[in-house]
Each structure stands twice: as C-alpha cells, then as structure tokens.
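Trainee: A structural model of the following input is requested.
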Amino acid sequence: MTAAAKVSRGPGRPRNEATDAAILDAAIEELIDRGFIAATMESIAARAGVAKTTVYRRFPNTTDLAMAVMRSFEQGSLEPPDGSVRDQLVHLGDVMRRLWGNPRYAALMRRVAADGTVQPEVYKACRDRLIGPFVRSMNTVIRRGVDEGLIRPDVDVEWVRQLLVGPVMAAALTHKERITRAQLELTIDTILAGLAPR
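Mentor: Here you go, the predicted structure:
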C-alpha cells in the first residue's frame with residue numbers, strides 16, 4: 001500500500017480520497033526534508049495545496065499524521081501464517097524487507113534515526129508506536145522456537161530479533177542495495193543453525 005491509501009474514516013461527510021492522498025504525499029515529503037521534529041501542519045498543508053483546517057480535520061497533530069504516513073506503507077500481515085518457526089520468521093522478515101526496501105520509506109527511517117540523535121525520547125516514542133506490533137510478532141515466533149527446542153533457552157530474545165532484522169535495517173540506513181529474499185532466508189537459516197541447542 002502507498003501513501004495514496006485511504007485515511008481512516010470517521011462519522012460524517014465522506015472525505016475526498018484525492019485530498020487524503022495529497023496530504024499523505026505532502027507529509028511524506030515534509031518528513032523526509034525536515035524531519036519529524038521540524039515538520040509543521042502549516043507546511044504540509046501548503047505542500048498539499050489545501051487549507052490547514054483540511055489537514056486538522058483529518059489529523060489533530062503532526063504525530064498522528066506521521067503515524068498515518070508510516071502506516072500507509074504497510075503491506076503484508078504481521079500475523080504469520082501456519083507453518084514452521086522458520087517459515088514464520090521468513091514471512092515476517094520478508095514483510096520488513098519489502099517495507100524497508102521502499103526508497104521513500106527508507107528515507108523516512110533515515111530521518112527518524114537522525115532525529116533520534118537530537119531528541120532520543122521522541123525517537124523512542126515513534127519507534128515503539130511504529131514497530132511495536134512487528135517486534136511483538138517476531139518475539140512471539142522466536143519464543144516458539146525456544147519452546148520447540150529449535151533455539152537455545154539461554155539466549156536473549158531481543159538480541160536474536162536484532163540479529164534477524166539487522167541486515168535489512170543496515171541496508172536501508174546506509175543506502176545499500178536492498179536485501180534479497182534469498183539473502184534473508186540465508187540469514188535466518190544461519191542464525192537458527194548457530195542458536196540450535198548443542
């Protein structure tokens with residue numbers, strides 16, 4: 001899904017989908033150019049070619065608008081399908097790989113990381129809201145791997161998850177070629193083999 005995705009509807013008069021898309025696209029460019037800390041509703045409205053009140057009717061503040069922007073890129077379910085632990089990790093990893101492989105999303109995440117050096121508390125709050133569901137899903141699958149005896153019980157689940165997603169994040173944050181599906185699967189297989197009970 002792109003930034004042209006529908007904005008969540010509330011009760012009342014139906015909104016113009018073209019306006020919704022223009023606001024989200026303008027917000028993406030604003031956030032990439034100025035960052036989450038410096039972005040303003042006034043500037044986003046000007047970029048979108050709409051009145052400031054039009055933006056405020058949809059989003060009460062820049063934080064809610066930023067969250068809508070990030071969600072507009074989401075594709076693929078964070079509820080892994082039935083299958084092995086490996087299959088579920090590959091599914092979740094591929095959702096992240098495709099998301100972070102989007103050039104505009106990668107640019108946004110680089111800006112989030114840069115903002116975090118200035119206001120770490122803002123960065124942490126955004127991070128928790130943006131990737132919290134993904135983190136919880138992947139941690140659940142990793143714990144399943146521990147329960148099934150595929151992963152040693154003495155490992156730190158958070159650390160394992162960071163091992164799994166690190167290559168995807170590193171590629172996006174350092175302007176490298178996006179990770180391929182084959183590379184993702186090799187990473188997961190290598191980590192699972194290294195963490196198997198001895």
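
Trainee: give me the below-cutoff pLDDT ranges for this protein.
Mentor: Applying pLDDT under 70 to the chain flags the ranges 1-15.

Trainee: longest helix in it, please.
Mentor: helix 120-147 (DSSP state H).

Trainee: can you give me the helices in the chain?
Mentor: With DSSP H as the criterion, the chain has helices spanning 17-38, 41-48, 52-58, 62-71, 85-100, 103-118, 120-147, 157-173, 181-195.

Trainee: which stretch among those helices comes nearest Glu79?
Mentor: helix 120-147 (7.1 Å; CB to CB). Where C-beta positions appear, they are placed from N, C-alpha and C, glycine not excepted.

Trainee: by contact count, what packs against the closest one?
Mentor: Judged by 3 or more CB pairs under 8 Å, 6 or more residues apart in numbering; DSSP states H and E, helix 120-147 is in contact with helix 17-38, helix 62-71, helix 85-100, helix 103-118, helix 157-173.

Trainee: could you redo the last one with a cut-off of 7 Å?
Mentor: helix 17-38, helix 85-100, helix 103-118, helix 157-173 (3 or more CB pairs under 7 Å, 6 or more residues apart in numbering; DSSP states H and E).

Trainee: returning to that earlier point: a markdown table please, covering the helices of the chain and showing distance to Glu79 and mean neighbour count.
Mentor: Output for the helices of the chain, formatted as a markdown table (distance: least, CB to CB, whole Å; neighbours: other CB atoms under 10 Å):
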| stretch | distance to Glu79 | mean neighbour count |
| --- | --- | --- |
| helix 17-38 | 25 | 19 |
| helix 41-48 | 32 | 19 |
| helix 52-58 | 28 | 16 |
| helix 62-71 | 16 | 19 |
| helix 85-100 | 9 | 20 |
| helix 103-118 | 21 | 17 |
| helix 120-147 | 7 | 15 |
| helix 157-173 | 17 | 17 |
| helix 181-195 | 18 | 14 |
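
Trainee: please list the outside residues in contact with stretch 186-194.
Mentor: Stretch 186-194 has contacts (CB atoms under 7 Å, 6 or more residues apart in numbering) with Arg86, Leu89, Val90, Gly93, Leu150, Leu163, Leu164, Pro167.

Trainee: what two of those residues are the furthest from one another?
Mentor: Counting by CB to CB, the most remote pair of these is Leu150 and Pro167, 20.5 Å apart.

Trainee: number of residues surrounding Ala39?
Mentor: For Ala39, the neighbour count with other CB atoms under 10 Å is 23.

Trainee: that one and Glu30 touch, don't they?
Mentor: Yes: between Ala39 and Glu30 there is a contact under CB atoms under 7 Å: 4.9 Å.
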